[in-house]
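Chemist: with the input below, show me the fold.
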Amino acid sequence: MKILALDIGDQWTGIAISDALGLLAKPYKTVTTDQLMLQLKELITNERITQGVIGYPKTLKGNISEQTKKIEAQHEILKTQFPQITWVLWDERLSSRRAELHKKSTSKEEKQRSHAVAAAFILDSYLEYLHMHKNLG
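Modeler: As a prediction, the model looks like this:
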């Protein structure tokens, strides 16, 4: 059972996938947002994804922004298109910034890859949360 994470933007969406044990997050790829549903259809089938984590972009103060509303709408679409997946909105504050600081992007390809890296940071924090709560329970 693998978990995927999405860092959805207006133009690009970063995708990350966990290992089968749900311990490690790795960047998978960056796709154009308009091709996301097609990519997910293939990915969910081929990788046996059971859960999806969507980066939830609140402002630094925790408020709702226009981008937050766009992600909430995407969340509803994903739940409808892929009802076999459990979809979770996950706080992504600072994940894109963290990805930028991780490795400065100089080329167009590196800038696109940074979206997948941001998705991996989102997934990593979610996996850490699951692990902590598993150990507490």
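Chemist: from here on, contacts and neighbour counts on C-alpha atoms
Modeler: Will do.
Chemist: next SSE downstream of the worst-scoring helix or strand of the chain on mean pLDDT?
Modeler: The weakest-scoring helix or strand in the chain, judged by mean pLDDT, DSSP states H and E, is helix 95-102 (a mean of 54). Downstream of helix 95-102, the next assigned helix or strand under DSSP states H and E is helix 108-136.
Chemist: what packs against that next one?
Modeler: Contacts defined by 3 or more C-alpha pairs under 8 Å, 6 or more residues apart in numbering; DSSP states H and E place helix 108-136 against strand 2-8, strand 12-18, strand 25-32, strand 49-56, strand 86-91, helix 95-102.
Chemist: and those, which is most packed in?
Modeler: Greatest average neighbour count among these goes to strand 2-8 (a mean of 27), per mean count of other C-alpha atoms under 10 Å.
Chemist: what packs against that strand?
Modeler: With contacts taken as 3+ C-alpha pairs under 8 Å, 6+ apart, strand 2-8 sits against strand 12-18, strand 49-56, helix 108-136.
Chemist: in a markdown table, list these along with distance to residue 81 and mean pLDDT.
Modeler: Formatted as a markdown table, these follow (distance: least, C-alpha to C-alpha, whole Å; pLDDT from 0 to 100):
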| stretch | distance to residue 81 | mean pLDDT |
| --- | --- | --- |
| strand 12-18 | 17 | 97 |
| strand 49-56 | 12 | 96 |
| helix 108-136 | 20 | 84 |
